[in-house]
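# I would like the atomic coordinates for the input below:
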Amino acid sequence: MSLCVYNTLTRKKEEFKPQSPGKVKMYVCGTTPYDHCHLGHARCYVVFDVIRKYLEYKGYEVTYVQNFTDVDDKIIKRAQELGSKVEDVAEEYISEYFEVMGRLNIREANSYPKTTEHIGEMIQLVEKLIKRGYAYVVDGDVYFEIDKFGSYGKLSHRSREEMRAGARIEVDQRKKNPLDFALWKSSKPEEPFWESPWGRGRPGWHIECSAMSMEHLGASFDIHGGGQDLIFPHHENEMAQSEAATGKPFVRYWIHNGFVTVNREKMSKSLGNFFTVREIYEKYSPDVVRLFLVSQYYRSPMDFSDGKLEEARKSLERFRSILENIKFLLKGLKAEKKSIFPKVEDSSVVEAKEKFTTAMDDDFNTARAFGCIFDLVGKANKAISARSPNLTFLLGAERALKSMGSLLGFLKKKAGEKVGIDEFQIEKRIEERNAARGKKDWGKADKIRRDLEKVGIILEDTPFGTRWKYRVIES
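The predicted model follows:
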């Protein structure tokens with residue numbers, strides 16, 4: 001089965017075909033750093049971390065870009081409340097982002113562009129939109145004229161009436177249409193500003209992501225991601241202004257994760273059901289939080305409660321327990337009986353791995369993949385309890401569970417191990433190498449060994465099969 005992805009633009013699952021064979025360009029909207037990261041942030045960035053890892057497992061070279069909106073009305077307000085500088089507030093919460101997300105085992109993006117570092121590109125993009133007749137200037141403000149972009153609304157699939165009802169529209173008689181949105185805002189007293197052809201000011205929210213994504217990934221790229229709350233107006237406006245400026249399709253696949261709810265209500269400060277990641281860490285480990293976040297399908301709403309996290313904690317204990325039990329059993333048998341472990345993988349393990357990849361190929365369905373993992377955990381528990389344990393199955397189950405847990409990110413690597421390659425990928429490459437050796441294709445087998453060595457993985461061919469380990473780097 002080939003990888004299929006649900007595309008918000010078309011409202012259907014589509015076979016994934018990137019613009020350039022073997023390469024994927026992905027942009028995910030980052031945070032506005034004015035406050036502590038909350039569980040909704042954690043869900044979004046865990047989701048796209050898993051997507052990135054699985055694309056790499058499938059053999060793609062992924063370029064992943066995630067921005068920071070480091071100048072914004074909310075940051076300005078927070079800085080004024082604290083009597084601090086806007087840039088100091090932004091840097092404080094950007095630092096916190098990396099701390100709390102790093103503990104969730106989220107790999108860093110290839111680049112993190114900031115709004116304040118790309119003002120020039122934003123001004124150039126606004127100038128292009130004015131020149132092409134899609135934008136107009138009023139008293140130092142610049143607005144995008146939605147009526148000039150005929151397909152406006154194609155991403156959110158909303159009528160103009162629905163858009164007006166769902167948007168936070170500032171009453172401004174100067175606009176040609178109430179839905180016209182700001183590309184450039186004239187400066188106000190006590191606010192940061194930059195010089196522009198229209199006077200001092202700062203960029204509108206939507207133009208930022210267009211300029212930064214196109215600067216780092218090009219006029220058209222493969223995946224644009226974020227939470228469902230960004231579909232309208234942010235991503236709708238982003239698509240409109242980008243395609244109006246370039247005349248090219250902006251993004252091939254729009255991917256959006258579901259909301260986090262509390263007692264089936266969307267988490268929000270106004271409802272008093274708002275939880276920061278730091279608060280959750282006070283009661284549950286980051287590994288438990290990560291497992292909780294990947295245990296459900298990314299597009300579905302995720303209901304948060306202590307009970308759900310307690311279930312996740314028990315699941316993680318069960319997962320770790322079976323790995324420890326298998327390790328103990330195999331170590332004991334090897335020492336006492338000097339057993340030679342078979343080279344052929346058990347059919348039940350092969351089936352479990354196939355079901356796992358089939359689930360992930362179906363729009364990154366981690367809920368089904370999670371079920372495959374714990375089906376295998378259950379079978380392994382029964383095998384350990386048997387009078388004559390099936391060593392072939394247990395050895396294969398141990399490897400498969402480690403690699404699956406690593407791919408979903410709730411099985412962390414030990415200190416000193418290389419970050420950036422998943423055990424699932426390593427096992428897949430070993431299988432490819434074994435197949436090549438079986439066909440006496442020594443050139444391919446040697447190439448796979450060399451490729452793994454380049455990323456710090458050393459292979460050892462033993463009487464018990466091929467083993468791998470991380471290269472030790474002298475400090």
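# tally of neighbours for residue 460?
Using other CB atoms under 10 Å, the number of residues around residue 460 comes to 10. Where you see a C-beta, it was placed from the backbone N, CA and C, and this is true even at glycine.
# Determine the set of other helices and strands touching whatever helix or strand residue 392 lives in.
Using DSSP states H and E, residue 392 falls within helix 391-408. Packed against helix 391-408, as judged by 3 or more CB pairs under 8 Å, 6 or more residues apart in numbering; DSSP states H and E, are the following elements: helix 39-57, helix 306-337, helix 347-361, helix 366-385, helix 423-438.
# just these: most buried one?
Ranked by mean neighbour count under mean count of other CB atoms under 10 Å, those are led by helix 39-57, which reaches a mean of 23.
# can you give me the angle that helix makes with helix 347-361?
Per axes from the mean of the first three to the mean of the last three CA atoms, to 10 degrees, the angle that helix 39-57 makes with helix 347-361 is 120 degrees.
# Tell me the buried residues in the following helix or strand past helix 39-57?
Next in sequence after helix 39-57, counting helices and strands by DSSP H and E, comes strand 61-66. Within strand 61-66, the residues scored as buried using 16 or more other CB atoms under 10 Å are 62, 63, 64, 65, 66.
# which two in the residues you listed are spaced the farthest apart?
Taking CB to CB as the measure, these span a maximum distance of 12.3 Å, between 62 and 66.
# Any stretches of the stretch 101-250 of the chain with poor pLDDT?
For the stretch 101-250 of the chain, applying pLDDT under 70 flags the ranges 166-171.
# At which residues are the helices of it located?
For the stretch 101-250 of the chain, applying DSSP state H, counting those that start in this stretch gives helices covering 119-131, 160-166, 205-217, 236-246.
# Show me what the third one is packed against.
When you say that, I think you mean helix 205-217. Packed against helix 205-217 by the contact rule (3+ CB pairs under 8 Å, 6+ apart) you find strand 23-28, strand 61-66, helix 119-131, strand 181-186, helix 236-246.
# Switch these over to JSON lines; also include distance to residue 388.
Below are the helices and strands packed on helix 205-217 laid out as JSON lines (distance: least, CB to CB, whole Å):
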{"stretch": "strand 23-28", "distance to residue 388": "47"}
{"stretch": "strand 61-66", "distance to residue 388": "45"}
{"stretch": "helix 119-131", "distance to residue 388": "67"}
{"stretch": "strand 181-186", "distance to residue 388": "70"}
{"stretch": "helix 236-246", "distance to residue 388": "61"}
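# Residue 449 is in contact with residue 459, correct?
Yes - the criterion here is CB atoms under 8 Å, and residue 459 meets it with residue 449 at 5.4 Å.
# Let me see the contact set for residue 128.
For residue 128, the contact set (CB atoms under 8 Å, 6 or more residues apart in numbering) comprises residue 245.
# that older thread, between the helices and strands packed on helix 391-408, which gets nearest to residue 391?
Of all those, it is helix 306-337 that lies closest to residue 391, at 6.9 Å by CB to CB.
# Return the closest of the buried residues of strand 61-66 with respect to residue 435.
Nearest to residue 435 among the buried residues of strand 61-66, counting by CB to CB, is residue 62 at 25.0 Å.
# beta partners of the closest one?
Following DSSP bridges, residue 62 is listed with bridge partners residue 24.
# quick one: contacts for it?
Residue 62 makes contact with 23, 24, 26, 52, 55, 56 under the criterion CB under 8 Å, 6+ apart.
# Would you mind measuring from the spatially closest residue to the first one that is not a sequence neighbour to residue 110?
So the one you mean is residue 23. In space, and not counting its chain neighbours, residue 23 is closest to residue 61: 4.9 Å by CB to CB, 6 or more residues apart in numbering. To residue 110, residue 61 is 11 Å away according to CB to CB, to the nearest Å.
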